[in-house]
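[1] no sequence on this one, just coordinates:
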């Protein structure tokens, strides 16, 4: 059992890319769970993910050339099919069976490319967690990506307590510091594979990102956020802005503005993360500038997170003995870390069971 | 007893900053003895130094906001007073006593901000080593700062043998290579917490930095340097330039030009140093350009030191087995390193005595 | 026996520099086998190589000053002669015998500066492997240098299988992918200190680098490469281009164009390499642009190698457990690695024999 195996949950689907990152035959070199992977679309349209390392001398296949649904290493010309099996060695007739690279199960859903880094026999596509708004023409948004120099759980933590909106994002996504003082989660549901949190802010000003895409910028609003975090690092956020006092909390949806937001945190390494998201809206759908404005606002907000989270990572790295102290608001965060820890422990035990005992 | 504890002397005052670095409410993030510290001036004018790391999730307080004499972490809004005690948690009524960050004793003296990184109970302000010329209107100079990528003792070494003036600083602070051949320390006083060295150079040319601020640039001079080094890394230098042959060495101060120079080496980490200095003069006080010229000349000279000392650090890092060979002129250097080693050893023993024995 | 000792072969000559790198008294700071070395030409014309680290405080001698055939450390002024013996200490009369730095045997041959990093007693200049074309006015070329962030054996590997010309250098040095499919080594000679490989490509197009310096760019050619690799990392390449079908393979040299190429790989560290080469031609000698064109073409080709080899190094570094899988074409590579391993093992045993046994 290597260190890396214990750091991550292996047998689950991770987002590897947005499909637009693979347009025009692009070979995407992306490290996932500390493994170098090349992701590309074969000429048949099939998505393919292989070890980004030729089994011969370790050259990156992402510097290679796609041929039909194969990729040719451009060092000595070995060609690998979509299962990673070597099908041609220039100047050599016999191809030993050991000549292959690992292939990874890969699936596309609503423009997201999902990868399974663990045991391929367990890679059930039904386990992929779909996000309906991504495939629903009633919602519109733009896919985005950000790289973090920080462990993915620091980003999960960040999303687990929306009080940070008040301080990190006062002038972008938050709107006011009042949010931290006058709102609390209605409830925190501890789920088997994550948590669900609902939070209301009544009779408030609209936050800046929302003001930019609505007409009546000064009207008071009742704001609701419902966050849903799932293993390994998948976050869905429903946001609702209703005219203040119209009873949205009792179910009246007249005049509301809604957003649907999905965020995916895929560990690149133990201290860096691929962060994918789409912030969707269901109003003014004929106006493309709404999605552009929201994408820009979210980038602005996420850069605020990135700055503080990466600084946090540096401080944590510099002093491994430092013990964090929990607040009451860390209930969701703590539950999620427990869930994940338990799953990793279980997975580790399963793997160990399947291995022959070491000679003792 | 951690490694870090043995690397540095803890129970003594270090220079943390010049006061001008904290103007206009600036929160200075400065690592000292490998600890992240935030230094700022509260709205009452009080100087405050705290761990630059929120006890909650490790975010840097230097990214926070000063409120009266408190600082608020701008991640989740916790507010800490000048003792590091948490006085507000947005959205949480009860504040556990463990919610605090470390505060460091801090004192201002003549524009220098001193910090005590060790046991606060021992932080006696009377132990601060004042430098009178800094507070004396008869002396004028400009405060300066330089960062070194080198252990602070390599800079102490550098200042322990002024023969280096001849070779490193021939065209700036030194003036000629003759200085190394024809001058020797009159005496090296071994002090309980450092050393004192006096060195004369008779009938010499003025060094370039001095020529720039005097009228008779070609007159021969008798030059005296008195260096005084003290633990942990505080260096005072008295320099005197007298018309050659007028008997300055016997006490005649007619026509002399004098300088007073203080230098403070504060370890940032084991391989980097904060270097503060002020080079003061007591003539032509009505002319501000003298101080500017001297500051520029010293920067020029210290950059020469920095280049060779940082190269030295790299070579030492690359070969931990390399054994240095001492010259006769290393007496002062060797004495200082011994003094410091003894003090660190004593301090380590004291700390160990105060701790419960490990269960054996 | 330190790690470093086992990583490299010590008792052999390495190329340290081209002589033009030492023109005008330049003191070249160059790390070789992880040792810092300063190489310079004394005022007598003698080449000198010393530890680039003063024995006093570890300052680099390459920041020093050449005086006759000595070098003076410009920190405290110590002067070392060409044997590394300290001959002057400013301000100190007695010079202890321990005051010296290591000197390395050094020899110039046809503009190459060779250094011996191992036991000086074994440094026989007759062991230097000359390359006659470098000193032969019938051949013309330009000396060149490239730095690799990769272990030198990855470059040796690269040169051991010319199939890579087809894929890495299709548009520069190779000319076509056909080269990999239709040519094989005529034979691979396993030599006591390396290998020799001959490879023919009949009735082919000229590769781009060759086309640039000949008149009849479209004529078919018969191409022969003879590579000769020797310990520690010395590669000679004879290339011949004959009009297709004129029987060059049987010895008819009418109308051929020939090149002679030497390449020297000197380890800087375990993961970086100094790479020296000269690509010589024996036609159109009165036209200096031929050598310039060839130098440019080779730089172009070697940058293609550098890109893939440095990427390979990163992937190998990131996963020490990764096991490479050999192709049939790796016979030469495998033989060379074996030869070198055996020599290093033998050398290590020799050194251990000469040392007193550790007290047990």
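    Here it is on my side, so go on. This one's a predicted model, so the numbers in the text were calculated from it and none came from an experiment. Numbers count the residues shown, from 1 in each chain, chains lettered A, B, ... in the order given.
[2] in chain A, where's the longest helix?
    Longest helix in chain A, counting residues (DSSP state H): helix A:288-318.
[3] so what pLDDT did the closest residue to chain C within the stretch 1-150 of chain A get?
    In the stretch 1-150 of chain A, the residue that lies nearest chain C is residue A:90 (3.8 Å; CB to the nearest CB). Yep, even glycine has a C-beta here, placed from its N, CA and C like the rest. We have a pLDDT of 95 for residue A:90.
[4] state the distance from residue A:70 to residue A:81.
    To residue A:81, residue A:70 is 5 Å away according to CB to CB, to the nearest Å.
[5] skipping adjacent residues, who's closest to residue A:54 in space?
    Nearest residue to residue A:54, sequence neighbours excluded (CB to CB, 6 or more residues apart in numbering or on different chains): residue A:73, at 4.3 Å.
[6] and that neighbour, how far from residue B:226?
    Distance, residue A:73 to residue B:226, using CB to CB: 70 Å.
[7] chain A against chain B: which residues are in contact?
    A:157, A:161, A:163-164, A:166-168, A:177, A:180-181, A:183-184, A:307-308, A:311-312, A:315-316, A:318-319, A:322, A:324-329 (CB under 8 Å from any CB of the partner chain).
[8] how is residue A:180 assigned, secondary-structure-wise?
    What DSSP: H, G, I helix; E, B strand; the rest coil gives for residue A:180 is helix.
[9] residues in contact with the residue in the stretch 151-300 of chain A that chain B sits nearest to?
    Across the stretch 151-300 of chain A, the shortest distance to chain B (CB to the nearest CB) belongs to residue A:180, at 3.8 Å. Shown in contact with residue A:180 (CB atoms under 8 Å, 6 or more residues apart in numbering or on different chains): A:163, A:165-167, B:76-77, B:90-91.
[10] now do the contacts for residue A:214.
    Per CB under 8 Å, 6+ apart, neighbours of residue A:214: A:206, A:241, A:257.
[11] please redo it, this time with the cut-off set to 10 Å
    A:206, A:221, A:241, A:257, A:283-284, A:290 (CB atoms under 10 Å, 6 or more residues apart in numbering or on different chains).
[12] which of these tops the neighbour count?
    residue A:221 (27 neighbours; other CB atoms under 10 Å in any protein chain shown).
[13] how close does that one sit to residue A:212?
    Separation of residue A:221 from residue A:212 (CB to CB): 14 Å.
[14] tell me which stretches of the stretch 251-360 of chain A form helices.
    Secondary structure of the stretch 251-360 of chain A by DSSP state H, counting those that start in this stretch: the helices cover A:288-318, A:331-354.
[15] quick one: list the elements packing against the longest one.
    Just to be clear, that refers to helix A:288-318. Contacts defined by 3 or more CB pairs under 10 Å, 6 or more residues apart in numbering or on different chains; DSSP states H and E place helix A:288-318 against strand A:143-148, helix A:152-160, helix A:164-168, helix A:208-211, strand A:257-269, strand A:272-281, strand B:35-41.
[16] among the ones you listed, which comes closest to residue C:122?
    Minimum separation from residue C:122 across these (CB to CB) falls at strand A:257-269, 45.9 Å.
[17] partner strands of the closest one and their direction?
    Strand A:257-269 pairs in its sheet with strand A:234-243 (antiparallel), strand A:272-281 (antiparallel), by DSSP bridges.
[18] who is the residue nearest in space to the middle of chain A paired with across the strands?
    Centroid-nearest residue in chain A, with CA atoms, centre = their mean: residue A:264, separated by 1.4 Å. Beta-bridge partners for residue A:264, by DSSP bridges, are residue A:234, residue A:276.
[19] which residues touch residue A:308?
    Counted by CB under 10 Å, 6+ apart, residue A:308 has contacts A:150, A:154, A:158, A:164, A:167-168, B:57, B:59-60, B:63, B:73-75.
[20] and for residue A:30?
    Shown in contact with residue A:30 (CB under 10 Å, 6+ apart): A:16-17, A:21, A:36-39, A:49, A:52, A:62, A:113, A:115, A:266, A:268, A:274.
[21] hmm, which two among the contacts of residue A:308 are most spread apart?
    It's A:150 and A:167 that sit farthest apart of those, by CB to CB, at 18.2 Å.
[22] apart from its neighbours in sequence, what residue is nearest the residue in the stretch 1-150 of chain A that chain B sits nearest to?
    Nearest residue of the stretch 1-150 of chain A to chain B (CB to the nearest CB) works out as residue A:150 at 11.2 Å. In this structure, residue A:150 finds its nearest non-sequential neighbour in residue A:313, 4.0 Å apart by CB to CB, 6+ apart.
[23] please report how far that neighbour lies from residue B:89.
    Relative to residue B:89, and taking CB to CB, residue A:313 is found at 23 Å.
[24] pull the contacting residues for the residue of the stretch 151-300 of chain A found nearest chain C.
    Nearest residue of the stretch 151-300 of chain A to chain C (CB to the nearest CB) works out as residue A:269 at 9.4 Å. Going by CB under 10 Å, 6+ apart, residue A:269 touches A:4, A:7-8, A:31-35, A:149, A:151-152, C:318.
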